[in-house]
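S.K.: Structure here, sequence nowhere to be found:
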């Protein structure tokens, strides 16, 4: 049986025989006794297996090493030691998979840098048992939220001919021999499988917008790629995005949905991952649970980018020394995000951003200088969600693309949607790993992705 099922009602199994299969986390051997810390991965908790020299194969059992896979048959008994109420008294044990002495995941403290080098084994540690179970549960929360509210789940393509963000950070994909391309110093488009060079998607938003104009409410949830050489703790070259798109929805409406969605996900994880959250609260980020519960209960402030800059400049006049000077028409830095959430004592929606620092598809405001964009800033983590009302005016969108010197041939289908029954519509994006950093208190994106893809790192 699974350990998860056993531990749910272990009192009812007292005196009964059970069979478990899993791995040895720690094996403590004494002259006449032995204690095995056992986990099968079905839950965060472990169980202690005990045995003594009355077993015929006592000496063979004592040879079984940490990391080994075993099948154990034993009786559930009340524990005589501290740390657990019940334990399993071994009747029989079968070594399913031996483990040598050089097993890297020995029961001691390992640095996260070391564990990244052992990405195939690090899920056996407590930290990554917690992180990756929360990743799974958070993904389920996302699907549950949107499915229960009538959204269609769209599988947007990973191969694409359009740069959805217009930032030129796409990986190029070719079916030709790279040595031949280098030799000829050109890429012959006629030899490509798709008759053109493609890229790996940076967003599923554009395709999502088209489906929202048919289904009203859709969401994408899948991998995206950015070919940027960034080695910060918050960036990866492959990551997952959640991107809802909603027809007949303006900027205020999409902020309502963002807030409701985030509060739902946090509440879902707190409910389903109590053991994991308690561990992370104790060993990773003290006060994590309180932080998340506060986010669920908070009122989210809404303020324009212009007013944010005014507040930051006033702080500067009062003696705050900014590393990056806040300016109207410019982006804000991490230090500014942190100050604004502290200033308002909770999450903050920053709206109506300068047009020139935002993507081409965002709705242009009547002032000609700003767009109906919104970033949600969360205490301790900064920007967590970015969204906007989308430009639904065909002529304005054409003009904006021309200003940015974008090739409209790549977006003919996207422009079509502004001609054929277009509506006011909005959407937002949540970087899944950024969300996981917030949920777990872990401070590096490499530690919330099973196999991180970052500059110079694609080993697994």
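M.R.: Great, that's in hand. Predicted, not measured: the structure shown is a model, and the values here were computed from it. Numbers count the residues shown, from 1 in each chain.
S.K.: Could you tell me the average pLDDT over the helix or strand harbouring residue 433, please?
M.R.: Element membership for residue 433 (DSSP states H and E) is helix 432-440. For helix 432-440, mean pLDDT is 97.
S.K.: helices or strands up against it?
M.R.: For helix 432-440, the elements it packs on are helix 126-148, strand 238-247, helix 251-272, strand 382-389, judged by 3 or more C-beta pairs under 8 Å, 6 or more residues apart in numbering; DSSP states H and E. (Each C-beta comes from the backbone N, C-alpha and C, glycine too.)
S.K.: contact partners of that helix?
M.R.: With C-beta atoms under 8 Å, 6 or more residues apart in numbering as the test, helix 432-440 has contacts from 130-131, 134-135, 138-139, 142, 221, 234, 236, 239-242, 265-266, 269, 280, 284-285, 288, 292, 378, 380-381, 383-384, 442-445, 448-449.
S.K.: Let's see that with 6 Å instead.
M.R.: The contact list for helix 432-440, computed with C-beta atoms under 6 Å, 6 or more residues apart in numbering, reads 131, 134, 135, 239, 240, 269, 280, 381, 445, 448, 449.
S.K.: If you count neighbours, what's buried in it?
M.R.: For helix 432-440, a neighbour-count test (16 or more other C-beta atoms under 10 Å) marks 432, 433, 434, 435, 436, 437, 438, 439, 440 as buried.
S.K.: Dump those into a markdown table; add distance to residue 24 as well.
M.R.: Formatted as a markdown table, the buried residues of helix 432-440 follow (distance: C-beta to C-beta, whole Å):
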| residue | distance to residue 24 |
| --- | --- |
| 432 | 33 |
| 433 | 31 |
| 434 | 35 |
| 435 | 34 |
| 436 | 29 |
| 437 | 31 |
| 438 | 34 |
| 439 | 30 |
| 440 | 26 |
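S.K.: Going by distance to residue 51, which of the residues you listed wins?
M.R.: Using C-beta to C-beta, the shortest approach to residue 51 within the buried residues of helix 432-440 belongs to residue 440, at 35.8 Å.
S.K.: Let me know the angle separating the helix holding residue 433 from helix 126-148.
M.R.: Using axes from the mean of the first three to the mean of the last three C-alpha atoms, to 10 degrees, the inter-axis angle of helix 432-440 relative to helix 126-148 is 110 degrees.
S.K.: Quick one: distance of helix 432-440 to the chain centre.
M.R.: Remark: helix 432-440 is offset 5 Å from the chain centroid, using C-alpha atoms, centre = their mean, to the nearest Å.
S.K.: what residue ranges in this structure are flagged as low confidence?
M.R.: Applying pLDDT under 70 to the chain picks out residues 164-168.
S.K.: how many other residues sit next to the closest residue to residue 86 other than its chain neighbours?
M.R.: In space, and not counting its chain neighbours, residue 86 is closest to residue 10: 5.0 Å by C-beta to C-beta, 6 or more residues apart in numbering. Residue 10: 19 surrounding residues under other C-beta atoms under 10 Å.
S.K.: now residue 10: how far from residue 44?
M.R.: As judged by C-beta to C-beta, to the nearest Å, residue 10 and residue 44 stand 15 Å apart.
S.K.: Number of residues surrounding residue 381?
M.R.: What residue 381 shows, counting by other C-beta under 10 Å, is a neighbour count of 20.
S.K.: ugh, wrong one, I meant residue 9
M.R.: Look at residue 9: counted by other C-beta under 10 Å, it has 8 neighbours.
S.K.: tell me the SS of residue 219?
M.R.: Residue 219 falls in the strand class when you classify it by DSSP: H, G, I helix; E, B strand; the rest coil.
S.K.: and it, bridged to which residues?
M.R.: residue 153, residue 244 (DSSP bridges).
S.K.: ok, now which ones touch it?
M.R.: 146, 151, 244.
S.K.: Please name the residues that touch the second one.
M.R.: Under the criterion of C-beta under 6 Å, 6+ apart, the contact list for residue 151 reads 217, 218, 219.
S.K.: Can you tell me which of those is closest to residue 61?
M.R.: residue 219 (51.3 Å).
S.K.: What distance do you get for the closest one to residue 241?
M.R.: 10 Å.
S.K.: got it, and residue 355?
M.R.: From residue 355 to residue 241 the distance is 23 Å (C-beta to C-beta).
S.K.: now do residue 320
M.R.: From residue 320 to residue 241 the distance is 34 Å (C-beta to C-beta).
S.K.: So for these two, which sits in the more crowded spot?
M.R.: Comparing residue 320 with residue 241 by other C-beta under 10 Å, the one with more neighbours is residue 241, at 21 against 13.
S.K.: Please name the spatially closest residue to the more buried one (chain neighbours excluded).
M.R.: Closest to residue 241 by C-beta to C-beta, 6+ apart is residue 224, at 4.8 Å.
S.K.: if I pick that neighbour, what's in contact with it?
M.R.: 201, 202, 203, 241.
S.K.: I'd guess residue 278 is in a helix, am I close?
M.R.: Yes. Assigned with three-state DSSP, residue 278 falls within a helix.
S.K.: Leaving out chain neighbours, which residue sits closest to it?
M.R.: Nearest residue to residue 278, sequence neighbours excluded (C-beta to C-beta, 6+ apart): residue 289, at 7.4 Å.
S.K.: ok so, going back, residue 398: which of the contacts of residue 224 is nearest?
M.R.: Closest approach between the contacts of residue 224 and residue 398, by C-beta to C-beta: residue 203, at 20.5 Å.
S.K.: So what does the closest residue in space to residue 305 that isn't next to it in sequence look like in phi/psi?
M.R.: The shortest distance from residue 305 to any non-neighbouring residue, by C-beta to C-beta, 6+ apart, is to residue 353 (4.8 Å). Dihedral angles of residue 353 (phi, psi; degrees, to the nearest 10) stand at phi -80, psi 160.
S.K.: now swap in residue 37 and tell me
M.R.: Taking degrees, to the nearest 10 as the convention, residue 37 sits at phi -80, psi 110.
S.K.: How about residue 386: what's its closest non-neighbour residue?
M.R.: Spatially, and ignoring its direct neighbours in sequence, residue 386 is nearest to residue 375 (5.2 Å; C-beta to C-beta, 6+ apart).
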